[in-house]
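Participant: Sequence and computational prediction follow.
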Amino acid sequence: MKPKQNWEEGLIRRREVARLAGVSEATVSRVLNGVGPVKEDTRERVLAAARQLNYVPSALAQRFARSKSGNLGVILPLLPKVNLFSTYYFSEILSGIGVTAKERGYDLLLLFRKPDESRDYANLFRTQKVDGCIILGAQDVPGERAALAELQEGNYPFCLVNQRFDG
């Protein structure tokens, strides 16, 4: 079967992969998203059918099925009249974070925070915008401490760069 070439004809759907592999669409979803139990021979049939049809699942759909965003949040201070990307400190740190995130299959979501802005970092996790976050330029102020405590209590993965608070 020749894959459809243009957008108007439609994308090859999961249903076609399921039909070719002789399984349900739910099984195709489990195999392609790596969730749930699937027998090895079934997994191989689904992957072979997907290859044959040149089927590539939507990254967004996969992230939804895994309850993961695929994003690593990097929270940066928004400093008026300072171009963070031209400063050696931030450019080196962001470069290292970016390379490592890419190697591990994550995209970076840069989030800029004004000094007087609310620090509801846990909401980034609750809304599934990020799977983990790195906080640069954290301040030792009550609002920051409360936001970090909420992250810690919620067991959300986060780290501070070049900053340490007792506790």
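Facilitator: In hand now; what should we look at? Numbers count the residues shown, from 1 in each chain.
Participant: At the geometric centre of the protein, which residue sits there?
Facilitator: For the chain, the residue sitting closest to the mean C-alpha position, by C-alpha atoms, centre = their mean, is residue 70 at 1.4 Å.
Participant: That one and residue 109 touch, don't they?
Facilitator: No. Using C-beta atoms under 8 Å, residue 70 makes no contact with residue 109, being 9.5 Å away. For every residue, glycine as well, the C-beta is placed using N, CA and C.
Participant: measure stretch 33-46 end to end?
Facilitator: Taking C-alpha to C-alpha, to the nearest Å, stretch 33-46 runs 12 Å from one end to the other.
Participant: buried set for that stretch?
Facilitator: The neighbour-count check on stretch 33-46 (16 or more other C-beta atoms under 10 Å) flags 33, 38, 42, 43, 45, 46 as buried.
Participant: and what of stretch 141-161?
Facilitator: Judged by neighbour count (16+ other C-beta under 10 Å), stretch 141-161 contains these buried residues: 144, 145, 147, 148, 150, 151, 156, 158, 160, 161.
Participant: Okay, the second one and residue 99: tell me how far apart.
Facilitator: From residue 145 across to residue 99, the span is 31 Å (C-beta to C-beta, to the nearest Å).
Participant: Residue 117 too?
Facilitator: With distances taken as C-beta to C-beta, residue 117 is found 29 Å from residue 99.
Participant: all helices for this structure, in order.
Facilitator: For the chain, the helices defined by DSSP state H occupy 14-21, 25-33, 40-52, 59-65, 88-103, 121-126, 142-153.
Participant: sorry, back to before: can you name the two of the buried residues of stretch 33-46 that sit furthest apart?
Facilitator: Within those, two members stand farthest from each other by C-beta to C-beta: 33 and 45, at 16.2 Å.
Participant: what's the weakest-modelled helix or strand in this protein?
Facilitator: Sorted by mean pLDDT, DSSP states H and E, the helices and strands of the chain end with helix 59-65, the least confident at a mean of 54.
Participant: In terms of pLDDT, where does the residue lying closest to residue 147 once chain neighbours are set aside sit?
Facilitator: Nearest residue to residue 147, sequence neighbours excluded (C-beta to C-beta, 6 or more residues apart in numbering): residue 119, at 3.8 Å. At residue 119, the pLDDT value in this model is 88.
Participant: Residue 67 now?
Facilitator: On pLDDT, residue 67 comes in at 62.
Participant: about what we covered before: and the gap between the residue nearest to the centre of the chain and residue 76?
Facilitator: From residue 70 to residue 76 the distance is 20 Å (C-beta to C-beta).
Participant: Look up how far residue 131 lies from the closest residue to residue 125 other than its chain neighbours.
Facilitator: Distances taken as C-beta to C-beta, 6+ apart put residue 156 closest to residue 125, at 4.7 Å, once the chain neighbours are dropped. As for residue 156, its distance to residue 131 is 9 Å (criterion: C-beta to C-beta).
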